[in-house]
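> Sequence first, predicted model second:
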Amino acid sequence: MARPAVQLYSLRTVDEPLSKLITRAGDAGFEGVEFANRITDADADAVKAALDDGGIESVAAHVGIDELEDGLDETVSFYRSFGCDRLVVPWLDPEHFESEAAIDETAERLTSLARSVAEHDVELGYHNHDHEFETVGDRPAFERFAEASGDALKLEVDLGWAAAAGADPTAFLERWSDRIPIVHVSDADGTRSPTEVGDGVLDVPACASAVRDAGVEWAIYEHDEPEVPLESLSHGGDVLGRF
């Protein structure tokens with residue numbers, strides 16, 4: 001089974017120190033956390049203490065591509081100080097996937113960056129939303145991207161966004177399992193608006209089975225717009241028990 005983690009972006013509206021949110025994640029049954037924007041403003045010593053005291057792992061961190069390209073050494077060193085050896089580019093605009101030429105250029109750019117990151121013994125991945133699964137030519141853009149990018153670049157497949165775009169995330173998991181160490185477990189409704197996992201278009205049992213079959217290391221819960229974030233956190237802990 002994949003180990004359970006939470007993307008801390010899901011708790012960004014909770015007015016508590018990041019260290020407290022990490023403790024809450026552990027109390028909800030999560031074994032790891034994935035960092036987002038708030039870590040750069042947090043009390044680093046308190047964050048490290050919360051990780052150590054709770055036995056919680058730094059699974060990954062979402063880091064903008066500009067931050068990586070403009071300050072690779074400093075960025076990698078910063079996240080390594082929290083025990084984090086996996087970085088993920090969380091977003092590129094739709095224009096990066098709007099044509100075959102754009103997809104190939106994006107794949108080359110990220111693969112080159114992944115190789116540079118790997119020189120620091122750190123892994124780089126890319127996290128999709130829905131636009132990467134729009135059809136370009138005669139297939140989803142993300143399929144061409146996966147083929148055009150090198151093995152150095154990992155794929156953090158967001159199952160909910162893939163399903164919202166009309167793709168079959170289980171088929172993608174099966175094909176690219178050797179490049180997918182972590183996944184996001186999210187969900188969205190028919191209008192592609194984030195919702196609680198199980199309330200939207202995601203086939204949770206099928207995805208849970210596919211995640212296990214693919215040997216995914218970490219399943220990371222995320223809800224971009226939870227109405228009550230701490231209740232969503234608890235729900236996420238329950239959901240990931242199936243993965």
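Ah, there it is.
> so who does the closest residue to residue 31 other than its chain neighbours touch?
Distances taken as Cβ to Cβ, 6 or more residues apart in numbering place residue 3 nearest to residue 31, at 5.0 Å, with adjacent residues excluded. Just so you know, the C-beta spots here come from the backbone N, C-alpha and C atoms, and that holds for glycine as well. Listed by Cβ atoms under 8 Å, 6 or more residues apart in numbering, the contact partners of residue 3 are 31-32, 217-219.
> now swap in residue 204 and tell me
Here residue 204 is in contact with 187, 197-198, 239, 242 (Cβ under 8 Å, 6+ apart).
> Adding distance to residue 36, secondary structure and neighbour count, write those out as TSV.
Shown next, in TSV, are these (distance: Cβ to Cβ, whole Å; DSSP: H, G, I helix; E, B strand; the rest coil; neighbours: other Cβ atoms under 10 Å):
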residue	distance to residue 36	secondary structure	neighbour count
187	19	coil	24
197	18	coil	25
198	23	coil	14
239	20	helix	19
242	24	helix	18
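> For the contacts of residue 3, which single residue is the most surrounded?
residue 219 (26 neighbours; other Cβ atoms under 10 Å).
> May I have the one helix or strand that residue maps to as PDB, with CA atoms only?
Residue 219 belongs to strand 218-221 when elements are defined using DSSP states H and E. What follows is strand 218-221, C-alpha atoms only, in PDB (Å, rounded to 0.1, in the frame of the first residue of the first chain):
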ATOM      1  CA  TRP A 218       3.200   7.900  -1.400                       C
ATOM      2  CA  ALA A 219      -0.500   8.800  -1.900                       C
ATOM      3  CA  ILE A 220      -0.900  12.500  -1.100                       C
ATOM      4  CA  TYR A 221      -4.300  13.900  -0.100                       C
END
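> Output the contacting helices and strands for it.
If contacts are counted by 3 or more Cβ pairs under 8 Å, 6 or more residues apart in numbering; DSSP states H and E, strand 218-221 sits against strand 3-7, strand 32-35, strand 57-62, strand 182-185, helix 229-239.
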